[in-house]
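J.: I'd like to go over a predicted model; first the sequence, then the structure.
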Amino acid sequence: MNRFRLSERGAERLSISVLLAPAVAVIVLLFLGGLASGFLRSLNYFPLIGLNDFNFDAYFAIFTDNGFLQSLVLTFHIAFTSTLIASILAVASALLLRPAFRGKRIVHFFFSLNLTIPHLVGAIGVLYLFQNSGLVSRIMTGLDLIQRPADFPAMVFDPWAIGIIIQYVWKEIPFIGVIVLAILLSVGEDYESVARSLGANRWQAFRQVTLPLIMPGVVSASVIVFAFTFGAFEIPYLLGRTFPAALPVLAYQSYTDVDLAARPQAMAMAMVIAFISTLLIMAYMKLSRVYIRE
Amino acid sequence: MTQVTLSGLTKIFDQKSPPAVDNLDLEIESGKLTALLGPSGCGKTTTMKMIAGLLRPTAGDILFDGDSILSIKPEERGAVMVFQNYLLFPYMNIADNIGFGLKMRKVNKKEIRSRVEDMLDLVQLPGFEDRKPNQLSGGQQQRIALARALIVQPNVLLLDEPLSNLDAHLRDEMRVLIRRIQTEMGITTVFVTHDQEEAVVLADKVALLFDGRLQQFDAPDSFYDTPNTVDIATFFGGTNFIPGRYESGEMTTAIGKFRAPHSLVPEGDAVLSIRPEAVDLGEGGENSVSGTVLSHVYAGRYARFQIRIGNIEIEAVTEPGQVKLFADGDNIPVRFDPDKIWVLGPNAAEQPAGATTA
């Protein structure tokens, strides 16, 4: 009887493995395989173009290169600033969307609408709106707020990456907001009622009670946003400067460089991006586990 | 000590449905323990939240010691509400939970610590400062929630179903604790419950609500002895009703005439009510009729009989020894003690509010 059960369980396990095999194969071959080959190339091993000796030259080169360090700082700036602004605005919007009001469904629909819009479309929108020849600068010229469209402050291809941050904030507010709103609704308003009744004013009730309750969710969502904005290519490619460029753009530039010797460096940069993203994802998983335990 | 007056208090959540609280007038005495009793959905908790300032009334007024407090923010009312599901802040330890109200009032840390200690002694959980809420049992969490409310020395303490989430044994302990603390501190206390026994045992006065309307506001025993309506008597359970006509102190029913000096109605169609404990078996004389024992149950501390009189069935609860005296099928005299008969109007809607013994 016992053996029969064991073999039944064994068969179940086998069938699960078989069913999962295609998905696992894709992950292993494309993702881990790609990662491994990229790692080898970053260590100067790329027989196809005649590189056969393992060394850390590429890493040494990028970490001593001023341009790479500037890119690293810029990428941190983009990811950190977008995540912070998006998180604050997302929490504020979730608080506004929480109470029942007339037309809540419609407002909620429009709030989460741009979750479905691709980043590229957002980037083009930012270009049209905030370039020197864009809609905003023309309207301001038309209203005589500025003399010529060229007087409009640079918000695209600018050193502070304002256009990139605007695009990320626009796109990520609903992402964090929807998560925070779900937590707010499940927590309910009773904890705040308790706090108010015990003598907390509105701000104290938010700061001491609501915020700590939603914080694990805010942190989890923002870590995802941070990791994404840190590693994403297309937005800084479309809206950013060529020098210093964000890390993923720099990695791409090096990879497509006519000088084949730059390839190990491109791969080393990709590895640095992957490493930082992995760290963030691990932090996220740890945080979410703590959150679930509570 | 604060006297709480509700005057024409009304709350409408949705224009399409009837008011949750409908024109409620209530005088809650200072320093007393008052129960808001009623079936679920009768507006008890809504009333409580309005007193605490967590909900805004649609109409009417709330007065503390004669002054309207409607414009005063919840944090400044001094009316602290303890929720049914305790709602201890999960990420704070017990000391921080209890000290929360004092921290909001910017009391210094040393004083908070010493007052938290006093509160833990009061609720009989000394040394619990560093624990987290999820390490506590339901009963312990309830006590901490009570301590968290009491530490701010509220004018009015509002308890939402304080005993309903506890098992029977803890319930008795909590009951005693609430009563003791309330008496010691003399805080005007209002508690909400759906359990009539809980209300009767704990409260000085009980306000019974059905569908957002006040049915009767009285001392606990009145609900058993002199209820205002058949509905109220039914809510408190177990009473025998016999319809008939009431005239000059006598109730004429299908099973006979009964002298009944205590009546809510002067005369006319009425209902005789008598509690099972007031039905005397085997006794003849005035107010007695003949009945047949249908069945009986021996329950240790008492016995319960089903009796048929004419075409009416009634219940009698007697001392346990009586099971030996009467067997099923026996014809026995059944007497209704005139002093324990209470005559009610036949229809709840026709009753004047607040009427007592005639």
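T.: That came through fine.
J.: Tell me the residues of the stretch 151-294 of chain A that contact chain B?
T.: Contact residues, the stretch 151-294 of chain A versus chain B (Cβ under 8 Å from any Cβ of the partner chain): A:190-191, A:193-201, A:204, A:208-209, A:212-213, A:294. For the C-beta atoms, the positions are set from N, CA and C on the backbone; glycine is no exception.
J.: low-scoring pLDDT stretches of chain A, where are they?
T.: Applying pLDDT under 70 to chain A flags the ranges A:1-7, A:288, A:291-294.
J.: domains in it, as residue ranges please.
T.: With domains defined by automatic domain parsing, chain A comprises A:1-42, A:58-291.
J.: Check which helix or strand residue 214 maps to.
T.: Since you didn't name a chain, this refers to chain A. Using DSSP states H and E, A:I214 falls within helix A:211-231.
J.: meant chain B actually
T.: If you go by DSSP H and E, B:L214 is part of strand B:213-218.
J.: Next secondary structure after that strand?
T.: On the C-terminal side of strand B:213-218, the nearest following helix or strand under DSSP H and E is helix B:220-225.
J.: picking that back up, pLDDT of the strand holding B:L214, averaged?
T.: On average, the pLDDT along strand B:213-218 is 93.
J.: pull the CA atoms of it into CSV?
T.: C-alpha atoms of strand B:213-218 as CSV (Å, rounded to 0.1, in the frame of the first residue of the first chain):
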residue,chain,number,x,y,z
ARG,B,213,-35.0,52.7,16.1
LEU,B,214,-35.0,52.8,19.9
GLN,B,215,-37.5,50.2,21.2
GLN,B,216,-36.9,50.5,24.9
PHE,B,217,-34.4,52.1,27.2
ASP,B,218,-34.6,50.7,30.7
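J.: now that strand: how far from the chain's centre is it?
T.: The chain centre lies 11 Å from the centre of strand B:213-218; the measure is Cα atoms, centre = their mean, to the nearest Å.
J.: Can you tell me what sits against that strand?
T.: B:22-27, B:205-209, B:222-223, B:226-229, B:231-232, B:353-354, B:356 (Cβ atoms under 8 Å, 6 or more residues apart in numbering or on different chains).
J.: Equivalent analysis for stretch A:270-277, please.
T.: Stretch A:270-277 is contacted by residues A:35, A:38-39, A:42, A:62, A:72, A:227, A:230-231, A:247-248, A:251 when judged by Cβ under 8 Å, 6+ apart.
J.: Apply 6 Å and report the result again.
T.: With contacts defined as Cβ atoms under 6 Å, 6 or more residues apart in numbering or on different chains, stretch A:270-277 is touched by A:38, A:42, A:227, A:231, A:247, A:251.
J.: any chance you could map the helices in the stretch 1-150 of chain B?
T.: For the stretch 1-150 of chain B, the helices defined by DSSP state H, counting those that start in this stretch occupy B:44-52, B:74-77, B:94-104, B:109-122, B:138-150.
J.: May I see the ones you listed organised as a markdown table, with distance to A:S17 and mean neighbour count added?
T.: Formatted as a markdown table, those follow (distance: least, Cβ to Cβ, whole Å; neighbours: other Cβ atoms under 10 Å in any protein chain shown):
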| stretch | distance to A:S17 | mean neighbour count |
| --- | --- | --- |
| helix B:44-52 | 54 | 24 |
| helix B:74-77 | 58 | 20 |
| helix B:94-104 | 48 | 23 |
| helix B:109-122 | 55 | 15 |
| helix B:138-150 | 44 | 23 |
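J.: nearest to B:A199, of these?
T.: When these are compared by Cβ to Cβ, helix B:44-52 sits nearest B:A199, at 10.5 Å.
J.: right, is the closest one up against chain A?
T.: Yes - against chain A, helix B:44-52 shows contacts by Cβ under 6 Å from any Cβ of the partner chain at B:A52.
J.: I'd like the average pLDDT over that helix.
T.: Across helix B:44-52, pLDDT averages out at 94.
J.: Using PDB, list the CA coordinates for that helix.
T.: This file holds the C-alpha atoms of helix B:44-52, laid out as PDB (Å, rounded to 0.1, in the frame of the first residue of the first chain):
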ATOM      1  CA  LYS B  44     -25.600  50.000  17.100                       C
ATOM      2  CA  THR B  45     -22.000  50.300  15.800                       C
ATOM      3  CA  THR B  46     -23.000  53.200  13.500                       C
ATOM      4  CA  THR B  47     -24.300  55.000  16.600                       C
ATOM      5  CA  MET B  48     -21.100  54.300  18.400                       C
ATOM      6  CA  LYS B  49     -18.900  55.600  15.500                       C
ATOM      7  CA  MET B  50     -21.000  58.800  15.400                       C
ATOM      8  CA  ILE B  51     -20.300  59.300  19.100                       C
ATOM      9  CA  ALA B  52     -16.600  58.800  18.500                       C
END
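J.: For stretch B:224-236, what is the distance to the chain centroid?
T.: Remark: stretch B:224-236 is offset 12 Å from the chain centroid, using Cα atoms, centre = their mean.
J.: Over to it now: how far is its first residue from its last?
T.: 7 Å (Cα to Cα, to the nearest Å).
J.: Tell me the buried residues in it?
T.: B:224-233, B:235-236 (16 or more other Cβ atoms under 10 Å in any protein chain shown).
J.: what's the farthest-apart pair in those?
T.: B:D225 and B:D231 (16.3 Å).
J.: Chain A versus B:F89, what's the distance?
T.: Distance of B:F89 to chain A, computed by Cβ to the nearest Cβ, to the nearest Å: 6 Å.
J.: quick one: that residue from B:I144, how far?
T.: Going from B:F89 to B:I144 by Cβ to Cβ, to the nearest Å gives 10 Å.
J.: And B:T34, by the same measure?
T.: As for B:T34, its distance to B:I144 is 24 Å (criterion: Cβ to Cβ).
J.: what stretches of the stretch 201-350 of chain B score poorly on pLDDT?
T.: Within the stretch 201-350 of chain B, the ranges that satisfy pLDDT under 70 run B:347-350.
J.: number of nearby residues for the residue in chain A positioned nearest to chain B?
T.: Ranked by Cβ to the nearest Cβ, the top residue of chain A for proximity to chain B is A:L198, at 3.9 Å. When neighbours are counted by other Cβ atoms under 10 Å in any protein chain shown, A:L198 registers 27.
J.: Surely it touches B:G101?
T.: Yes - counting by Cβ atoms under 6 Å, A:L198 does reach B:G101; the two are 3.9 Å apart.
J.: Now which of the contacts of strand B:213-218 would you call buried?
T.: B:22, B:24, B:26, B:205-209, B:222-223, B:226-229, B:231-232.
J.: Secondary structure element holding the residue nearest to B:L202 when sequence neighbours are not counted?
T.: Spatial nearest neighbour of B:L202, chain neighbours left out: B:R175 (5.8 Å); criterion: Cβ to Cβ, 6 or more residues apart in numbering or on different chains. For B:R175, the element it lies in under DSSP H and E is helix B:168-185.
J.: in that helix, what's buried?
T.: Across helix B:168-185, burial judged by 16+ other Cβ under 10 Å covers B:170-171, B:174-175, B:177-178, B:181-182.
J.: How about the stretch 51-200 of chain B: which residue is closest to chain A?
T.: At 3.9 Å from chain A, B:G101 is the closest residue in the stretch 51-200 of chain B, using Cβ to the nearest Cβ.
J.: Contact partners for that residue?
T.: A:198-199, B:151-152.
J.: Against A:L238, how distant is it?
T.: In this view, B:G101 and A:L238 are 54 Å apart by Cβ to Cβ.
J.: shouldn't B:V123 be in contact with B:A147?
T.: Yes - the pair B:V123 / B:A147 is scored as a contact, 4.7 Å apart, by Cβ under 6 Å.
J.: buried sites along stretch A:122-134?
T.: For stretch A:122-134, burial by neighbour count (16+ other Cβ under 10 Å) applies to A:122-123, A:125-127, A:129-132, A:134.
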